[in-house]
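Visitor: For reference, the sequence and a predicted model appear below.
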Amino acid sequence: MSEVDGSPEGDAAGSGGDRPGIPYRFEPTTTAAGIVARHSGIADGEETGVVVTVAGRLMLRRDQGRLAFGDLQDSTGRVQLFAMQKSTTDFEGFTGLHLGDWIGVTGEVIRTRRGELSVRVDSWVRLAEARRSFPDKWHGITDVDVRYRQRYVDLWVSDGARETFVARSRIFSATRRWLEERGFLEVETPVFHPIPGGALARPFTTHHNALDLELYLRIAPELYLKRLTVGGFERVFEIARVFRNEGISPRHNPEFTMLELYQAYADYSDIMVLVEELVAHLAMDLHGTTKLSYDGRELDLSVPWRRATMLELLEEHGGIVVDLDTDMDMLVGLCTERGIPVEDHYGPGKLILELYEKLAEPELWGPVFVTDYPKEVSPLSRDHREHPGWVERFEGIVAGRELCNAFTELVDPDEQRARFEAQEVGKAAGDAEAMVIDEDYLRALEYGLPPTGGLGIGMDRLVMLLTGTTTIRDVILFPTLRPEQ
RNA sequence: GCGCCUCUAGCUCAAUUGGCAGAGCAUCGGACUCUUAAUCCGCAGGUUCUGGGUUCAAGUCCCAGGGGGCGCACCA
């Protein structure tokens, strides 16, 4: 960092162009945080002799006759500006700046008599005009609608908004690094799917004119990623924007980001270890600890996480002992007693899942891996090696929310075809989210998919967890909203 | 999609039982040589979300619509 000899003016202002007085480029020599880091040790009233150039937004100004103080904010933080009529060029113009104006300032780093580290403004240039008034400097924006629609303002005035998105970026890059260190290859697969697959969800549709083809925005990258495992990429991942045509809530946005990965030769137990280690690593990277607080409750992400089967949790929290061979009338009765609507096509597996989701899942805080799901509700998971009718699948529940879904992948093409066909029966019965047969995927399986463990993590929820935010809109820069007017 | 709540100046909020729409901040004008949401004086700022209705009189009550929030449903 060469703060002493920076170019103080950037490009000269006042030339021609479309906005006279606004330069075409500017070159700061340091940042607000850089100044604080380097000069915080000086005494009150002391001058450093170091001249710096900084740029940012003027967020506050306190005029004091022939003196003026201002708070300059950039992407790293804030630093005070100290202007004097006798030494600041165009002092009157400086005191006429609007809150929210972007400015570049050159001057010596000093500490005022009253003890505030400052840049004494020798020269300055306006870099952008804030034609619209910034929100109340004390209260900021409280209307969340305005925060989401005008994120460009929110990022400046809402405490923590910028930090949350910086944290998001850091979580993503740390995740990539961690996976790459373990031999995973990042890939990109199509967003347009001729057949929506890989999850049980309603897709968005679109149309390609030249091909005159109906296409679906992907609901999951899963089936393409497993094709790549067939193709010999033994460890792949994709950080995939996916789209699901469903309601909006504090935990749901129609477009969201999922991390999916597939690891050849692994099973779901290996994936559990991977998940807990990854999440604990991210917590350490971001906070230096695995002991977090979320929504007012303690959360300890240190490994290992608890593992418990769905049936065990149903007994623990619901007080009921059932299995797939439990009498159907009894299962239906247990559901209806508890106000769970039952449809005709539900089999025992679906009924048990409903009971679990109603009785046990809301009681879970986690972290806990809920293992072993009914085959009936898991069309892409491999049969459990010991328990017929069940599959090797788990969900990770952390802070009371589903964070991930993973399984030992189904590798048998014949069994996969049978699962797809069972889904088509549901589709015909009116289940809009049921899967349809993907012949090319079956063809890929016929070339041979090795034993593989797969994982999907909701990255937005992971960011919520690690940043302590309770609504998904706070971790998505531009969440889906109705258009204005 | 259904239910509940909400919408007043650029921002944050007031407005008694239905009785002249107000304040702070920001903006604009003025004062002030060490401020920290600076302070002080002054000016200006409004389709009270929209459209109907009741009433002598509606920000306030009723109906419809719109935006947003929360819950349910669906899902990650």
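Guide: Perfect, I can see it now. Because the structure is predicted, anything quoted here is derived from the model rather than measured.
Visitor: Tell me what A:Arg297 is bridged to.
Guide: A:Tyr294 (DSSP bridges).
Visitor: And it, how far from A:Leu359?
Guide: In this view, A:Arg297 and A:Leu359 are 20 Å apart by Cβ to Cβ, to the nearest Å. C-beta coordinates here come from the backbone N, C-alpha and C atoms, glycine included.
Visitor: More neighbours: which of those two?
Guide: A:Leu359 (20 against 10; other Cβ atoms under 10 Å).
Visitor: Next, the contact list for the more buried one, please.
Guide: A:314, A:317-318, A:320, A:338 (Cβ atoms under 8 Å, 6 or more residues apart in numbering).
Visitor: So among these, which ones count as buried?
Guide: A:314, A:318, A:320 (16 or more other Cβ atoms under 10 Å).
Visitor: ok, so of the residues you listed, who is nearest RNA strand B?
Guide: Proximity of those to RNA strand B (Cβ to the nearest atom of the strand) peaks at A:Gly318, which lies at 15.8 Å.
Visitor: you'd agree that closest one is up against A:Glu357?
Guide: No: applying Cβ atoms under 8 Å as the test, A:Gly318 and A:Glu357 come out as separate, 10.5 Å apart.
Visitor: Give me every residue in the stretch 351-485 of chain A lying close to RNA strand B.
Guide: A:395, A:401-405, A:433, A:456, A:458, A:460-461, A:471-473, A:481-482, A:484-485 (Cβ under 7 Å from any atom of the strand).
Visitor: nope, the stretch 1-150 of chain A is what I meant
Guide: Residues of the stretch 1-150 of chain A lying near RNA strand B (Cβ under 7 Å from any atom of the strand): A:60-67, A:69, A:71, A:80, A:82, A:84-86, A:96, A:98-99, A:112-116, A:118, A:132-146, A:148.
Visitor: ok, now with 6 Å
Guide: A:60, A:62-67, A:69, A:80, A:86, A:96, A:98-99, A:112-116, A:133, A:135-139, A:141-146 (Cβ under 6 Å from any atom of the strand).
Visitor: Quote the end-to-end distance of stretch A:301-317.
Guide: 22 Å (Cα to Cα, to the nearest Å).
Visitor: Could you give me the buried positions within that stretch?
Guide: Under 16+ other Cβ under 10 Å, the buried positions of stretch A:301-317 are A:301, A:305, A:308-311, A:313-315.
Visitor: Which element is encountered next along the chain beyond the helix or strand that contains A:Met258?
Guide: Using DSSP states H and E, A:Met258 maps to strand A:255-264. For strand A:255-264, the succeeding helix or strand toward the C-terminus, using DSSP H and E, is helix A:268-287.
Visitor: Just give me how far that next one sits from the chain centre.
Guide: Computed by Cα atoms, centre = their mean, to the nearest Å, the chain-centroid distance of helix A:268-287 equals 16 Å.
Visitor: for that helix, packing partners?
Guide: Under the contact criterion of 3 or more Cβ pairs under 8 Å, 6 or more residues apart in numbering; DSSP states H and E, helix A:268-287 touches helix A:161-181, strand A:255-264, strand A:368-374, strand A:390-398, strand A:401-408, strand A:452-458, helix A:459-467.
Visitor: Give me the distance from the last one to the chain's centre.
Guide: The one in question is helix A:459-467. 6 Å.
Visitor: What is that helix packed up against?
Guide: Using 3+ Cβ pairs under 8 Å, 6+ apart: helix A:459-467 touches helix A:161-181, strand A:255-264, helix A:268-287, strand A:291-294, strand A:401-408.
Visitor: Now mean pLDDT and mean neighbour count too, for these, in JSON lines please.
Guide: As requested, the helices and strands packed on helix A:459-467 are exported to JSON lines (pLDDT from 0 to 100; neighbours: other Cβ atoms under 10 Å):
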{"stretch": "helix A:161-181", "mean pLDDT": "96", "mean neighbour count": "16"}
{"stretch": "strand A:255-264", "mean pLDDT": "96", "mean neighbour count": "22"}
{"stretch": "helix A:268-287", "mean pLDDT": "97", "mean neighbour count": "19"}
{"stretch": "strand A:291-294", "mean pLDDT": "93", "mean neighbour count": "15"}
{"stretch": "strand A:401-408", "mean pLDDT": "94", "mean neighbour count": "22"}
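Visitor: could I get the ones you listed as JSON lines with distance to A:His387?
Guide: Shown next, in JSON lines, are these (distance: least, Cβ to Cβ, whole Å):
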{"stretch": "helix A:161-181", "distance to A:His387": "31"}
{"stretch": "strand A:255-264", "distance to A:His387": "23"}
{"stretch": "helix A:268-287", "distance to A:His387": "13"}
{"stretch": "strand A:291-294", "distance to A:His387": "33"}
{"stretch": "strand A:401-408", "distance to A:His387": "13"}
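Visitor: re earlier: and the residues of the stretch 1-150 of chain A next to RNA strand B, which are buried?
Guide: Using 16+ other Cβ under 10 Å, the buried ones in these are A:67, A:69, A:80, A:99, A:112, A:135, A:141.
Visitor: Just the pLDDT for the nearest residue to the third one once chain neighbours are set aside.
Guide: In other words, A:Gln80. The shortest distance from A:Gln80 to any non-neighbouring residue, by Cβ to Cβ, 6 or more residues apart in numbering, is to A:Ser118 (4.2 Å). We have a pLDDT of 97 for A:Ser118.
Visitor: Might one say that A:Ser118 is in contact with A:Thr112?
Guide: Yes: with contact defined as Cβ under 8 Å, A:Ser118 reaches A:Thr112; the gap is 5.5 Å.
Visitor: Need the residues touching each of the two.
Guide: Common neighbours of A:Ser118 and A:Thr112 (Cβ under 8 Å, 6+ apart) are A:80, A:82.
Visitor: Wasn't A:Met83 part of a strand?
Guide: That one is not Met; residue A:83 is Ala. Yes: A:Ala83: assigned to a strand according to DSSP: H, G, I helix; E, B strand; the rest coil.
Visitor: Report the separation between the spatially most central residue of chain A and A:Arg443.
Guide: Nearest residue to the geometric centre of chain A (Cα atoms, centre = their mean): A:Asp460, 2.9 Å. Plainly put, A:Asp460 is 34 Å away from A:Arg443 if you go by Cβ to Cβ.
Visitor: and if you look at A:Glu277?
Guide: Relative to A:Arg443, and taking Cβ to Cβ, A:Glu277 is found at 35 Å.
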